[in-house]
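Colleague: Predicted model follows, preceded by the sequence.
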Amino acid sequence: MQFSFWIGNSHTTDEILRRAQRAEAGGWDGVWLADHFMPMSGDVERPFHEAWAMLSAIAATTERVRIGPMVVGNTYRNPAVLAKQAVTADHISGGRVVLGMGAGWQENEHTAYGIEYGTFTDRFEKLEESLRILRGLRDDDRVDLDGKHYRMTDAPLSPKPVGRLPILIGGGGEKKTLRMVAQYAEQWNVWGEPDLLEQKIEVLAAHCERLGRDVGEIHKTAVALLFLTDTEEEAAAIRSGGLPRPSIVGTPAMVEDTVAAYAAVGVDELIIPDFTLGAGDEFDAVMARFEADVMAPSR
C-alpha cells in the first residue's frame, strides 16, 4: 500500500511547505492540495491558497514525493491553459506531477467569481472534451478539436512533461465518471471506506472490460479522514457521534486492519487529509505515530 498526504489550503504558506517537507521526510509517497478558490465549507472569508501556485512551491522545495491537485475543477480553466500550468509544475518538480481532474461542483465559487457553472450535463461534457484535449496535448504533436465547449486549432504543447504526467480522475459516479476513468485515466480517486471501494472497483472493471482495457492498469486511490485513537472505546465514541465524511477510526492496530481491508479490495494508495490531525505538536505527534505504527507495517 502507498500513502499520500492531503494538505489543507488554509494554512500559511510556510506551514503548507513545512507539512509537505514533513510528509516527504516521513516516507509518504505523495502530497495533494484541493483546487478551489475558497473553502469547501464553513467561513468563505477564511484564507485559501490557489492550488497550482502552491504546488509549484512544493515542487521546488521537495525532491521525491508525487504532487498534484485533488482534483482540478475543470470549469475553472481552459484545458490548454491547464496543461501549461501542469507541465510547468512538472518541470519544476523533475517529473513528479499527477494531473487530478474533476467536473467541478462548488457552485458558490462560480457565482462569486463569475465562472460559468452550467448544468450537470454541461460540466461532464466539458470534462470529457478536456480529457481528450489534455491527453492529446500530452501525447501528440498537435491537437485539433471542434467541440461543443472547446475549440483547439493545431494546438501544440511545448515543452512536453518531464514525467508521464498521469491523469487521475476523481469521483465515484458509476455511469459517467467511472466510464471516463476507464477510457482516459491512468489513476482514479474516490472518497470511501473499503466496502464502497469494492463496489466501485467492480463497476470500473466492467467499464474497462467493455473498452478492452485491463483494470489493473489503473492506479486506484481512496480518501478518508483519519481519527487515530488510544483505545477502542474512544474509537467507538467517535463513530457514535457521526462523521462528516468516510473515515478511518481507531487505534493503530485497528487502522492497520482497515488499511489491509482497502488493499484486499484492490486499492493501491490511501490518501489521508490533514483536516482532522490537529496543529503544532499534536499534528507532528499524530503523523509520527501513523508513520511508525500504521504505514511502516502496511508497506
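Modeller: Noted; the coordinates are in hand. Keep in mind that this is a model prediction, so the values were computed, not measured.

Colleague: Return the set of buried residues in the helix or strand where Phe5 lies.
Modeller: Taking DSSP states H and E as the definition, Phe5 sits inside strand 2-6. Going by neighbour count (16 or more other Cβ atoms under 10 Å), the buried part of strand 2-6 is 2-6. Where C-beta positions appear, they are placed from N, C-alpha and C, glycine not excepted.

Colleague: distance between that strand and the chain's centre?
Modeller: Strand 2-6 has its C-alpha centroid displaced from the chain centroid by 10 Å (Cα atoms, centre = their mean, to the nearest Å).

Colleague: What helices and strands are in contact with it?
Modeller: helix 13-25, strand 30-33, strand 269-273 (3 or more Cβ pairs under 8 Å, 6 or more residues apart in numbering; DSSP states H and E).

Colleague: May I see the ones you listed organised as TSV, with distance to Gly68 added?
Modeller: As requested, these are arranged in TSV below (distance: least, Cβ to Cβ, whole Å):
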stretch	distance to Gly68
helix 13-25	12
strand 30-33	6
strand 269-273	10
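
Colleague: just checking, which of those sits deepest inside the structure?
Modeller: For the helices and strands packed on strand 2-6, the largest average neighbour count (mean count of other Cβ atoms under 10 Å) is found in strand 30-33, namely a mean of 26.

Colleague: could you check the angle helix 13-25 makes with the helix or strand following that one?
Modeller: Downstream of strand 30-33, the first helix or strand assigned by DSSP H and E is helix 51-61. Counting by axes from the mean of the first three to the mean of the last three Cα atoms, to 10 degrees, helix 51-61 lies at 50 degrees to helix 13-25.

Colleague: can you tell me the average pLDDT over helix 51-61?
Modeller: Helix 51-61 carries an average pLDDT of 98.

Colleague: The helix or strand following it packs against which elements?
Modeller: Using DSSP H and E, the helix or strand that follows helix 51-61 towards the C-terminus is strand 66-69. With contacts taken as 3+ Cβ pairs under 8 Å, 6+ apart, strand 66-69 sits against strand 30-33, helix 51-61, strand 99-102.

Colleague: The same query, at a cut-off of 6 Å, please.
Modeller: Judged by 3 or more Cβ pairs under 6 Å, 6 or more residues apart in numbering; DSSP states H and E, strand 66-69 is in contact with strand 30-33, helix 51-61.

Colleague: Could you say which of the ones you listed is packed most deeply?
Modeller: For these, the highest mean count by mean count of other Cβ under 10 Å goes to strand 30-33, at a mean of 26.

Colleague: before we move on, the earlier item: pLDDT for the buried residues of strand 2-6 - can I get that in TSV?
Modeller: Below are the buried residues of strand 2-6 laid out as TSV (pLDDT from 0 to 100):
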residue	pLDDT
Gln2	98
Phe3	98
Ser4	98
Phe5	98
Trp6	98
